[in-house]
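Chemist: After the sequence you'll find the predicted model.
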Amino acid sequence: MGDVLSQNEIDNLLAALSTGELDMDQIQESNEKQIKNYDFNRPAKFSKEHLRTLEIIFEHYGRLLSTNLPVYLRKNVQVSVASSETVTFSEFTNALANPVILGIVNFQPLQGNIIIELGTNLGYAMIDRMLGGQGNPLEKTREFSEIEMTIIERVLVICMQLLREPWKNVLDINPMLNRLETNPQFAQIIAPNDMIAIVTLNLKIGDVEGMMTVCLPFFTLEDIMDRLNTKYWYANMQEKQDEDYEEHIESLLKRVDVPLKAVLGNSTISVSDFAGLQVGDVIRLNTRVDEELTVYVGNIKKFTALPGTSKDQYAVRVTTVLREGE
């Protein structure tokens, strides 16, 4: 949409036409289509549609990071997509500091690798937090020790595993962290003039804010470029039926461990009697041997049962299932 002129601008334009300061021929010439030079050194291999699809993918990825990283860092993590653009690989590497945290990721089954750059302030904050600190960055940048690199590697492996779900609508990937580099010179995965797409994520871990940059070479994504569009993305989003969703939730719940206890009975004794208990003493309960026991799932009364044994072990046989409200 073109710019809308204000009333004062319209009045000035009409005045300039009436006085002859502005010529209509000049206006018509200025409306002619401008020719833009094409730079063959920077071919436009990533369209706006490709970049928009990558933003959608990494918006999903950001939500997964903000949900899963707090489990390990015990800090609130906020993630958002800051920008996406296309540059040459040399421009990307020239802008990197030294030291830097670069994760070289094998993007299987696609050929080639991608690079994930983690801000050094975020790296120091993660290390401090994982070692029991408050999660504060260093005031002065220094080289990472081997122990620190091992800790960062474990965090990046977790981040790699979270990449699978956001890419599922495009391709089932199995990303693997090949190695970590702190010097940009050792991260030359493609030719300097090759085009890459860069998606920048803004991470905030507690009070520490920094950037995570994902470098996606065209060489790596070339085989799936036709899938990187929103039409293909939404067409492949499989909406699960309610039954399938319920079965999925039910299968997850079946693997959850819950405490189960059967209460044999209750008794009240004095503190002095309790302190004087010896092996072989008998505590009289308020229930009979043939009476039903109450079985609790967690802290909820769920069953009644009769006591007994099974293969030389104490057991109970459920007699009644208590529904909610009974």
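Modeler: Looks like it arrived, so ask away.
Chemist: CA only for contacts and neighbour counts going forward, please
Modeler: Fine.
Chemist: how many neighbours does the nearest residue to residue 298 once chain neighbours are set aside have?
Modeler: Among residues not flanking residue 298 along the chain, residue 259 sits closest, at 5.2 Å (CA to CA, 6 or more residues apart in numbering). By other CA atoms under 10 Å, the residues close to residue 259 number 8.
Chemist: correct me, but residue 259 touches residue 297?
Modeler: Yes - the pair residue 259 and residue 297 qualifies as a contact (CA atoms under 8 Å) at a distance of 6.0 Å.
Chemist: separation between residue 154 and residue 161?
Modeler: Noted for residue 154: a distance of 11 Å to residue 161, by CA to CA, to the nearest Å.
Chemist: so where is the stretch 1-150 of the chain shaky, pLDDT-wise?
Modeler: For the stretch 1-150 of the chain, residues meeting the criterion pLDDT under 70 lie at 1-8, 20-44.
Chemist: in stretch 252-271, what's buried?
Modeler: By 16 or more other CA atoms under 10 Å, the buried positions in stretch 252-271 come out as 262, 264.
Chemist: so how far is the first residue of that stretch from its last?
Modeler: So stretch 252-271: terminal residues 45 Å apart, CA to CA.
Chemist: which residues touch the residue nearest to residue 187 when sequence neighbours are not counted?
Modeler: In space, and not counting its chain neighbours, residue 187 is closest to residue 181: 6.8 Å by CA to CA, 6+ apart. By CA atoms under 8 Å, 6 or more residues apart in numbering, the residues touching residue 181 are 100, 101, 102, 103, 104, 187.
Chemist: okay, among these, which ones form the most distant pair?
Modeler: Farthest pair in these (CA to CA) is 100 and 104. Separation: 12.4 Å.
Chemist: Quick one: the helices in this protein, in order.
Modeler: In the chain, the helices defined using DSSP state H lie at 7-19, 24-30, 48-73, 89-94, 120-130, 146-161, 218-221, 230-235, 242-254, 271-275.
Chemist: buried ones in the third one?
Modeler: Residues of helix 48-73 classed as buried by neighbour count (16+ other CA under 10 Å): 50-62, 64-66, 69, 73.
Chemist: So what sits opposite residue 313 in the bridge?
Modeler: On the basis of DSSP bridges, residue 313 takes part in beta bridges with residue 310.
Chemist: Let me know how buried it is, in neighbour terms.
Modeler: Other residues lying near residue 313 total 7 when counted by other CA under 10 Å.
Chemist: how close does it get to residue 320?
Modeler: Taking CA to CA as the measure, residue 313 falls 22 Å from residue 320.
Chemist: Same check on residue 96?
Modeler: As judged by CA to CA, residue 96 and residue 320 stand 68 Å apart.
Chemist: Show me where the stretch 151-300 of the chain has its strands.
Modeler: Taking DSSP state E, counting those that start in this stretch, the strands of the stretch 151-300 of the chain run over residues 174-181, 195-205, 208-217, 260-263, 293-297, 300-310.
Chemist: Buried deepest among these, which one?
Modeler: strand 195-205 (a mean of 22; mean count of other CA atoms under 10 Å).
Chemist: tell me what it is packed against?
Modeler: Applying 3 or more CA pairs under 8 Å, 6 or more residues apart in numbering; DSSP states H and E, one finds that strand 195-205 contacts helix 48-73, strand 77-88, strand 208-217, helix 218-221.
Chemist: try 7 Å
Modeler: Applying 3 or more CA pairs under 7 Å, 6 or more residues apart in numbering; DSSP states H and E, one finds that strand 195-205 contacts strand 77-88, strand 208-217.
Chemist: That'll do, ta.
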